[in-house]
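A structural model of the following input is requested.
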Amino acid sequence: MIVFLTQHKELMESLVDCLEKEKHALIKEDAQSLLEIVEEKKHYINTLDNLELKRKEMFPDLNINKLEEAGLLNDELKVLADELRSLVEKISQLQETNQFLTQQSLEYSQQMISILRGNNKQNTPSYGANGKIENNSGKGNSVLDQSI
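A predicted model of the protein is given here:
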């Protein structure tokens, strides 16, 4: 059991590093790095899934919580259990952060496309050719349709 948990911990630490790289790539808007990181992330997740399947085959009715409830955790298992819980929390936080950054980037891109196409749904006041403020209710709102 200790061998499985140690391997699990090492893989989760690698996943945390991968998620940190993903966060920095999202901040830098580095699409090429993101593609590579997504593949790396898939690899870690698949490897973790396979390791968990093997653990369930060898120890079908045994997990940390059951050992803990039965008072059968030795000091080494307690340390591993705490480290795994900490890693799970860190992974969850990084996933949430990366999801937020991805959503923010998507919304920004959609807004820029909307502005360029002139699909801005708001009645945005702007200055007309005569120098007076006009309400452009949807027509000619494209940045590409404007004259300077």
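
measure Arg55 to Asn63 for me?
Look at Arg55 and Asn63: by C-beta to C-beta, to the nearest Å, they are 8 Å apart. Where you see a C-beta, it was placed from the backbone N, CA and C, and this is true even at glycine.

Compare neighbour counts for those two and give me the winner.
When neighbours are counted by other C-beta atoms under 10 Å, Arg55 and Asn63 differ, and Arg55 comes out ahead with 18 against 14.

got a list of what the residue nearest to that one when sequence neighbours are not counted touches?
With sequence-adjacent residues excluded and distances taken as C-beta to C-beta, 6 or more residues apart in numbering, Arg55 is closest to Phe4, at 4.5 Å. Residues in contact with Phe4 (C-beta atoms under 8 Å, 6 or more residues apart in numbering) are 51, 54-55, 58-59.

residue boundaries of the helices in the protein?
Secondary structure of the chain (DSSP state H): helices at 2-28, 31-58, 64-69, 75-117.

Pick the most deeply packed of these.
Highest mean neighbour count of these: helix 2-28, a mean of 16 (counted as mean count of other C-beta atoms under 10 Å).

and the gap between the residue nearest to Leu48 when sequence neighbours are not counted and Gln32?
Using C-beta to C-beta, 6+ apart and skipping residues adjacent in sequence, the residue nearest Leu48 is Leu11, 5.2 Å away. Separation of Leu11 from Gln32 (C-beta to C-beta): 25 Å.

Which residue lies nearest the spatial centre of this structure?
Asn98 (3.1 Å; C-alpha atoms, centre = their mean).
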